[in-house]
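> Need a 3D model of the following:
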Amino acid sequence: MSPSTRRPNQPSIQVICQGLSHTGTVSLMEALEILGHGPCYHTIKWVQSRPSDFHRWVERAEDKTTARVANGRLQGGACEA
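Residues are numbered from 1 along each chain as shown. Presented below is the predicted three-dimensional model:
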């Protein structure tokens, strides 16, 4: 993966992209990081480095998400893909 670069005076953006496996989310994540909008929060990364996030995604899938979990679930990335 390409290293993330941040340009001076770059406005912050938030992108949320959801997709099933093999629908281009890794390509989108890499493109955003190349353009300086990283690091991205992606399933590939959190499965390897943030396994504690798994329970939050299970709660969302079971529709038990609270505002607290929803607001805190994606911390750790400038972009979420």
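
> use CA for all of it now, contacts and neighbours both
OK.

> per-residue confidence averaged over stretch 30-41?
The average pLDDT within stretch 30-41 is 86.

> Give the buried residues for that stretch.
30-34, 36-41 (16 or more other CA atoms under 10 Å).

> Also stretch 45-56?
Those would be R56, for stretch 45-56 by 16+ other CA under 10 Å.

> May I have the distance across it, first residue to last?
15 Å (CA to CA, to the nearest Å).

> E30 in helix, strand or coil?
Here E30 is recorded as helix under DSSP: H, G, I helix; E, B strand; the rest coil.

> From K45, how far off is it?
Separation of E30 from K45 (CA to CA): 12 Å.

> again with V15
16 Å.

> next one: S52
Distance from S52 to K45, by CA to CA: 12 Å.

> the helices in the protein, which residues?
Shown for the chain, the helices assigned by DSSP state H span residues 25-34, 43-49, 54-61, 67-72.

> So which of these is nearest G19?
Nearest to G19, of all the helices of the chain, is helix 25-34, at 6.5 Å by CA to CA.

> which helices and strands sit right next to that closest one?
strand 40-41 (3 or more CA pairs under 8 Å, 6 or more residues apart in numbering; DSSP states H and E).

> mind running it again at 10 Å?
Judged by 3 or more CA pairs under 10 Å, 6 or more residues apart in numbering; DSSP states H and E, helix 25-34 is in contact with strand 40-41, helix 43-49, strand 79-80.

> distance of the nearest residue to W46 once chain neighbours are set aside from T23?
Nearest residue to W46, sequence neighbours excluded (CA to CA, 6 or more residues apart in numbering): D53, at 7.0 Å. According to CA to CA, D53 and T23 sit 22 Å apart.
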